[in-house]
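1. pasting the sequence and the predicted coordinates here, then a few questions.
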Amino acid sequence: MTQSAILFWMRRDLRLSDHEGLSQAAQTGRPVIPVFIHDEAVDGLGAAPKWRMGLAVSHFQEVLQGIGSDLVLRRGPALDVLKELIAETGAGAVWWSRGYDPASIARDTAVKSSLKAQGVAAHSFAGHVLFEPWSVQTKTGGYYKVFTPMWKAVRGRDLAPCVPAVRALPAPSHWPASEDISTWGMGAGMQRGMRILSKHVVVGEAAAQARLAEFIDLALPEYALARDQMGIRGTSMLSENLTYGEISPRMCFHAGRMSLSMGQSGAEVFLKELVWRDFAYHLAFHTPHIISENWRAEWDAFPWNTDETTPEVVAWTQGRTGVHLVDAAMRELYVTGYMHNRGRMIVASYLTKHLMTHWKIGQAWFAQCLLDWDPASNAMGWQWSAGCGPDASPYFRVFNPDTQAEKFDPDRRYRARYLAQAYADCGEEARDYFRAIPASWGLSFEDAYPPQPIVGLAQGRQRALEAYKTRG
DNA sequence: TAGCTCGTTGGACAA
DNA sequence: TTTGTCCAACGAGCT
């Protein structure tokens, strides 16, 4: 008698390499039915990440078909779909890779208890982080609220080797029906931006692994300094692939450790960045309110602007604040679906401090635009920038975009690449911005660039510091 | 328990 | 031009 099938519920783990759960499923000898469920109510993705998720799913379906398997696509509430599939296939188990943000945990907990009540084995696996949030504790048994002690706690910790790539998955005798992803409208929110962003996406695990290899070979030696230089490609760009699980953080970490052991000092900084990603999930797991509320409640009384329709906020989203580095970074975001890490800090500081606007407005815009959108990393980053997050004494830390430009874009290369009008030698990306934005914005390449910042650097800084002094 | 040190990512100003 | 100090003073984490 044939053993019942395993439904493998694929989420943000769209790879065959170093996939703990899929690898174990393959070894059982039981038929494995990979399934992806588009649950609009829970995923609630913004325009760009939703489109990118669609690309990841389509690609992974082809990859699975290439090893004699398939990816069954369904829409609807996850639990309902899983139950339908169990009824259709007689599957006796549902397996998946764990998530750690509050929405994923709530959904998965409900799914697991419901399936078990129905007599279906539900089993989840690690893989989306290096060290699961409950496995890292302070010496008094608490969770970490500061990065450096957590880094010291895990930097030398043993990490199991990567598991070999899955090369075959036993197929069921009958495949359940699959929907066609092209009917899902994953790119519907993209409008004119899709064609432009298509130039910049790097989809799939083969591409992700090539990206990692190239980064280790070429960029890692200079990483410690180059990662801050906005005009050059000094970072790994792997966030895009890590977001959809096209590469495992463990594979990146082992590659970094290998380089470190061979004397590449830049590797230590790269490893730290990977642990920062873990730290964000650590915080999201232990203090889930970080996703949507001020991490420090005493900030609830701060007089943020919460109106996203003010001219100042609109100018920020459209890259028309009159502050060159801020506008260049906001346009990089719109044209490429990515923003340099330093740019993220600079635009966040300008929005939350100079414009005194609530970080959640910025977070929501990033959720629309970022191809590497990640709930944990973004919540942590925005709260850090705003000053209400888990970091001590930051409220006088107001970035001056001009000073930042002198340090991190001294040759103006970054600003000129993305900012038309203000630079005669602007890049093709600067022109692409006007091809990508919605016609409804009413902007064109010929428009004059704002002659003055909407909020000056000095007075904006002063106003924010005054407000911080008197908050609450 | 108490005390000590330090905190990814900064800016302004003085010397 | 570069370097050091202060901003205001808290809380995390360790010893």
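-> Nice, I can see it.

2. longest strand in chain A, by residue count?
-> strand A:32-38 (DSSP state E).

3. which positions within the helix or strand encompassing A:Ser23 qualify as buried?
-> Per DSSP states H and E, A:Ser23 falls inside helix A:20-28. Buried positions in helix A:20-28, judged by neighbour count with 16 or more other CB atoms under 10 Å: A:Glu20, A:Gly21, A:Leu22, A:Ser23, A:Ala25, A:Ala26. C-beta coordinates here come from the backbone N, C-alpha and C atoms, glycine included.

4. may I see the buried residues of the lowest-mean-pLDDT helix or strand in chain A?
-> In chain A, the helix or strand scored least confidently by mean pLDDT, DSSP states H and E is helix A:40-43, which has a mean of 75. Buried residues in helix A:40-43, defined by neighbour count with 16+ other CB under 10 Å: A:Asp43.

5. residues making contact with stretch A:173-184?
-> Applying CB atoms under 8 Å, 6 or more residues apart in numbering, the set of residues contacting stretch A:173-184 from outside is A:2, A:31, A:33, A:38, A:54, A:57-58, A:61, A:70-75, A:85, A:88-89.

6. out of these, who's near DNA strand C?
-> Among the contacts of stretch A:173-184, no residue is within reach of DNA strand C (CB under 7 Å from any atom of the strand).

7. returning to what we had before: so for the helix holding A:Ser23, what's the average pLDDT?
-> For helix A:20-28, the mean pLDDT works out to 98.

8. for stretch A:457-472, same thing?
-> 81.

9. now that stretch: buried residues?
-> A:Leu457, A:Gly460, A:Arg461, A:Arg463, A:Ala464, A:Tyr468.

10. and the residue of the stretch 101-250 of chain A found nearest DNA strand B, what element?
-> Residue of the stretch 101-250 of chain A nearest DNA strand B, by CB to the nearest atom of the strand: A:Thr148 (3.1 Å). Using DSSP H and E, A:Thr148 maps to helix A:147-154.

11. summarise which helices and strands that helix is packed against.
-> helix A:266-286 (3 or more CB pairs under 8 Å, 6 or more residues apart in numbering; DSSP states H and E).

12. C-alpha coordinates for the helix it packs on, PDB please?
-> Extracted in PDB, the C-alpha atoms of helix A:266-286 (Å, rounded to 0.1, in the frame of the first residue of the first chain):
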ATOM      1  CA  GLY A 266      35.300  42.300   5.500                       C
ATOM      2  CA  ALA A 267      33.500  39.000   6.100                       C
ATOM      3  CA  GLU A 268      32.900  39.800   9.700                       C
ATOM      4  CA  VAL A 269      30.800  42.800   8.700                       C
ATOM      5  CA  PHE A 270      28.800  40.700   6.300                       C
ATOM      6  CA  LEU A 271      28.200  38.100   9.000                       C
ATOM      7  CA  LYS A 272      27.000  40.900  11.300                       C
ATOM      8  CA  GLU A 273      24.500  42.000   8.600                       C
ATOM      9  CA  LEU A 274      23.100  38.500   8.400                       C
ATOM     10  CA  VAL A 275      22.700  38.400  12.200                       C
ATOM     11  CA  TRP A 276      21.000  41.800  12.100                       C
ATOM     12  CA  ARG A 277      18.300  40.100  10.000                       C
ATOM     13  CA  ASP A 278      18.000  37.500  12.700                       C
ATOM     14  CA  PHE A 279      17.900  40.200  15.300                       C
ATOM     15  CA  ALA A 280      14.900  41.700  13.600                       C
ATOM     16  CA  TYR A 281      13.000  38.400  13.700                       C
ATOM     17  CA  HIS A 282      14.200  37.900  17.300                       C
ATOM     18  CA  LEU A 283      12.500  41.200  18.200                       C
ATOM     19  CA  ALA A 284       9.400  40.500  16.100                       C
ATOM     20  CA  PHE A 285       9.000  37.200  17.900                       C
ATOM     21  CA  HIS A 286       9.600  38.400  21.500                       C
END
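
13. and that helix, what does it pack onto?
-> helix A:147-154, helix A:223-226, helix A:249-261, helix A:375-386.

14. give me the mean pLDDT for that helix.
-> 94.

15. try stretch A:438-453
-> 93.

16. what does that stretch contact?
-> Counting by CB under 8 Å, 6+ apart, A:191-192, A:315, A:318, A:320-323, A:419-422, A:431, A:434, A:437 sit against stretch A:438-453.

17. need the three-state assignment for A:Val202.
-> coil (DSSP: H, G, I helix; E, B strand; the rest coil).

18. alright, I will stop here.
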